[in-house]
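Visitor: just coords:
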(Lines give C-alpha, C1' and ligand atoms only; values in the text may rest on other atoms or scores of the structure.)
Protein backbone atom coordinates (compact mmCIF):
# COMPACT_ATOMS: atom_id res chain seq x y z
CA UNK A 1 0.00 0.00 0.00
CA UNK A 2 1.37 3.39 -0.94
CA UNK A 3 0.19 6.73 0.42
CA UNK A 4 1.72 10.21 0.70
CA UNK A 5 3.37 11.07 4.01
CA UNK A 6 1.21 12.99 6.42
CA UNK A 7 2.65 16.36 7.51
CA UNK A 8 3.53 15.21 11.05
CA UNK A 9 5.50 12.26 9.59
CA UNK A 10 8.01 14.63 7.95
CA UNK A 11 9.03 15.90 11.39
CA UNK A 12 9.37 12.33 12.63
CA UNK A 13 11.47 11.47 9.60
CA UNK A 14 13.78 14.47 10.15
CA UNK A 15 14.14 13.59 13.83
CA UNK A 16 15.01 9.97 13.09
CA UNK A 17 17.49 10.81 10.33
CA UNK A 18 19.34 13.59 12.17
CA UNK A 19 21.51 11.20 14.28
CA UNK A 20 22.80 9.70 11.04
CA UNK A 21 24.02 13.08 9.79
CA UNK A 22 27.27 12.92 11.76
CA UNK A 23 27.49 9.14 12.02
CA UNK A 24 30.00 8.55 9.25
CA UNK A 25 27.60 6.76 6.92
CA UNK A 26 28.01 7.67 3.26
CA UNK A 27 25.76 6.75 0.36
CA UNK A 28 26.78 6.57 -3.25
CA UNK A 29 23.38 6.63 -4.86
CA UNK A 30 24.52 7.19 -8.41
CA UNK A 31 22.52 4.87 -10.58
CA UNK A 32 25.34 2.63 -11.66
CA UNK A 33 25.51 -1.09 -11.44
CA UNK A 34 28.91 -1.44 -13.10
CA UNK A 35 31.33 -3.33 -10.84
CA UNK A 36 34.26 -1.17 -11.98
CA UNK A 37 32.43 2.03 -10.97
CA UNK A 38 31.42 0.54 -7.63
CA UNK A 39 34.99 -0.53 -6.84
CA UNK A 40 36.22 2.93 -7.83
CA UNK A 41 33.63 4.52 -5.53
CA UNK A 42 34.69 2.29 -2.62
CA UNK A 43 38.34 3.26 -3.17
CA UNK A 44 37.41 6.96 -3.32
CA UNK A 45 35.36 6.74 -0.11
CA UNK A 46 38.19 4.93 1.66
CA UNK A 47 40.66 7.64 0.61
CA UNK A 48 38.33 10.56 1.33
CA UNK A 49 36.44 9.37 4.42
CA UNK A 50 38.52 6.40 5.68
CA UNK A 51 35.46 4.14 5.64
CA UNK A 52 35.51 0.89 7.60
CA UNK A 53 33.25 -1.00 5.21
CA UNK A 54 30.90 -0.99 2.26
CA UNK A 55 27.51 -2.49 1.45
CA UNK A 56 26.71 -3.48 -2.14
CA UNK A 57 23.02 -3.83 -2.97
CA UNK A 58 22.85 -6.31 -4.72
CA UNK A 59 25.11 -8.72 -6.63
CA UNK A 60 22.73 -9.95 -9.31
CA UNK A 61 22.16 -6.48 -10.80
CA UNK A 62 25.86 -5.75 -11.18
CA UNK A 63 27.22 -5.32 -14.67
CA UNK A 64 30.52 -7.13 -15.12
CA UNK A 65 32.54 -6.37 -18.24
CA UNK A 66 33.22 -9.93 -19.35
CA UNK A 67 32.23 -10.43 -22.98
CA UNK A 68 30.94 -13.92 -23.71
CA UNK A 69 30.81 -14.88 -20.02
CA UNK A 70 27.69 -16.38 -18.54
CA UNK A 71 25.87 -14.93 -15.54
CA UNK A 72 27.50 -17.46 -13.20
CA UNK A 73 31.01 -16.45 -14.31
CA UNK A 74 30.10 -12.76 -13.98
CA UNK A 75 28.79 -13.22 -10.42
CA UNK A 76 31.89 -15.23 -9.50
CA UNK A 77 34.09 -12.42 -10.83
CA UNK A 78 32.11 -9.74 -8.96
CA UNK A 79 32.30 -11.71 -5.69
CA UNK A 80 36.06 -12.24 -6.03
CA UNK A 81 36.65 -8.57 -6.86
CA UNK A 82 34.65 -7.44 -3.84
CA UNK A 83 36.61 -9.81 -1.62
CA UNK A 84 39.88 -8.53 -3.09
CA UNK A 85 38.99 -4.87 -2.46
CA UNK A 86 38.11 -5.74 1.13
CA UNK A 87 41.58 -7.20 1.60
CA UNK A 88 43.32 -4.42 -0.34
CA UNK A 89 41.67 -1.61 1.66
CA UNK A 90 41.39 -3.55 4.96
CA UNK A 91 37.63 -3.00 5.16
CA UNK A 92 34.58 -5.24 5.44
CA UNK A 93 32.24 -5.63 2.49
CA UNK A 94 28.67 -6.84 2.71
CA UNK A 95 27.18 -7.92 -0.61
CA UNK A 96 23.46 -8.62 -0.72
CA UNK A 97 22.32 -11.45 -2.95
CA UNK A 98 19.12 -12.97 -4.24
CA UNK A 99 18.20 -16.58 -3.70
CA UNK A 100 16.66 -18.95 -6.21
CA UNK A 101 13.04 -19.64 -5.30
CA UNK A 102 11.94 -23.00 -3.98
CA UNK A 103 8.22 -23.10 -3.23
CA UNK A 104 8.42 -26.60 -1.74
CA UNK A 105 11.12 -25.58 0.75
CA UNK A 106 11.40 -21.80 1.21
CA UNK A 107 13.99 -22.06 4.01
CA UNK A 108 17.15 -20.40 2.62
CA UNK A 109 20.46 -22.20 2.28
CA UNK A 110 23.82 -21.70 0.61
CA UNK A 111 22.89 -23.84 -2.40
CA UNK A 112 20.20 -21.35 -3.38
CA UNK A 113 22.48 -18.34 -3.88
CA UNK A 114 21.31 -17.11 -7.25
CA UNK A 115 23.52 -17.39 -10.35
CA UNK A 116 26.69 -18.71 -8.75
CA UNK A 117 28.04 -21.16 -6.24
CA UNK A 118 31.18 -19.04 -6.46
CA UNK A 119 29.49 -16.35 -4.34
CA UNK A 120 29.50 -18.82 -1.46
CA UNK A 121 33.11 -19.77 -2.17
CA UNK A 122 34.31 -16.15 -2.07
CA UNK A 123 32.35 -15.16 1.04
CA UNK A 124 33.81 -15.45 4.51
CA UNK A 125 30.40 -15.29 6.18
CA UNK A 126 26.92 -15.85 4.81
CA UNK A 127 23.70 -15.05 6.65
CA UNK A 128 20.14 -15.63 5.51
CA UNK A 129 16.93 -13.98 6.69
CA UNK A 130 14.02 -16.43 6.92
CA UNK A 131 10.46 -15.39 7.70
CA UNK A 132 8.35 -18.57 7.75
CA UNK A 133 5.26 -16.47 8.57
CA UNK A 134 5.16 -15.53 4.87
CA UNK A 135 4.85 -19.20 3.89
CA UNK A 136 2.50 -20.26 6.70
CA UNK A 137 5.21 -22.50 8.13
CA UNK A 138 6.86 -22.99 11.50
CA UNK A 139 10.45 -22.23 12.41
CA UNK A 140 12.78 -25.22 12.03
CA UNK A 141 14.20 -26.98 15.10
CA UNK A 142 15.27 -25.89 17.70
CA UNK A 143 13.12 -22.75 17.23
CA UNK A 144 9.93 -24.68 16.36
CA UNK A 145 8.21 -23.73 19.64
CA UNK A 146 8.38 -20.00 18.84
CA UNK A 147 5.52 -18.13 17.20
CA UNK A 148 6.49 -16.90 13.72
CA UNK A 149 4.38 -13.73 13.80
CA UNK A 150 6.55 -10.61 13.49
CA UNK A 151 9.75 -12.62 13.81
CA UNK A 152 12.61 -13.66 11.56
CA UNK A 153 15.29 -16.30 11.86
CA UNK A 154 18.80 -15.21 10.97
CA UNK A 155 20.55 -18.33 9.72
CA UNK A 156 24.31 -18.61 9.61
CA UNK A 157 25.08 -20.40 6.34
CA UNK A 158 28.86 -20.02 6.42
CA UNK A 159 31.21 -18.73 9.07
CA UNK A 160 34.88 -18.75 8.11
CA UNK A 161 36.83 -18.20 11.34
CA UNK A 162 33.60 -17.42 13.21
CA UNK A 163 31.56 -20.62 13.24
CA UNK A 164 27.86 -20.87 12.52
CA UNK A 165 25.14 -19.31 14.60
CA UNK A 166 21.41 -18.84 14.06
CA UNK A 167 19.08 -16.67 16.14
CA UNK A 168 15.61 -15.13 16.27
CA UNK A 169 14.87 -11.42 15.92
CA UNK A 170 11.70 -9.36 15.94
CA UNK A 171 10.65 -7.93 12.60
CA UNK A 172 8.47 -4.88 12.03
CA UNK A 173 7.12 -5.21 8.49
CA UNK A 174 5.92 -1.57 8.38
CA UNK A 175 9.43 -0.23 8.93
CA UNK A 176 11.42 -3.32 7.85
CA UNK A 177 13.27 -3.04 11.16
CA UNK A 178 14.88 -5.97 12.96
CA UNK A 179 15.36 -5.83 16.73
CA UNK A 180 16.86 -8.16 19.32
CA UNK A 181 14.62 -10.46 21.32
CA UNK A 182 15.33 -12.91 24.08
CA UNK A 183 15.73 -16.18 22.25
CA UNK A 184 17.86 -19.26 22.21
CA UNK A 185 20.84 -19.22 19.92
CA UNK A 186 21.75 -22.25 17.85
CA UNK A 187 25.46 -22.78 17.38
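Guide: Received it, and whenever you're ready, just let me know what you need. The shown structure was predicted, so the numbers you read here are calculated from the model rather than taken from an experiment. Numbers count the residues shown, from 1 in each chain.

Visitor: Strands of this protein, residue ranges please.
Guide: 53-56, 92-95, 125-130, 151-159, 166-172, 177-186 (DSSP state E).

Visitor: Residue 79 versus the residue nearest to residue 86 when sequence neighbours are not counted, what's the distance?
Guide: Leaving aside its sequence neighbours, residue 86 sits nearest to residue 93 (Cβ to Cβ, 6 or more residues apart in numbering; 4.4 Å). Where C-beta positions appear, they are placed from N, C-alpha and C, glycine not excepted. From residue 93 over to residue 79 the distance is 10 Å, taken as Cβ to Cβ, to the nearest Å.

Visitor: Those two: who's more crowded?
Guide: Neighbours of residue 93 and residue 79, each counted by other Cβ atoms under 10 Å, are more numerous for residue 79; the result is 24 against 20.

Visitor: Grab the longest helix from this protein for me.
Guide: Scanning the chain for the helix with the most residues, using DSSP state H, yields helix 71-89.

Visitor: In that one, which residues are buried?
Guide: 74-79, 81-83, 85-86, 89 (16 or more other Cβ atoms under 10 Å).

Visitor: List the contacts of it.
Guide: Here helix 71-89 makes contact (Cβ atoms under 8 Å, 6 or more residues apart in numbering) with 35, 39, 42-43, 46, 56, 59-60, 62, 64, 66, 69, 91-93, 95, 114-119, 121-124.

Visitor: Counting neighbours, which of these end up buried?
Guide: Buried residues within the contacts of helix 71-89, counting neighbours by 16+ other Cβ under 10 Å: 35, 39, 42, 46, 56, 59-60, 62, 64, 91, 93, 95, 114-116, 118-119, 122-123.
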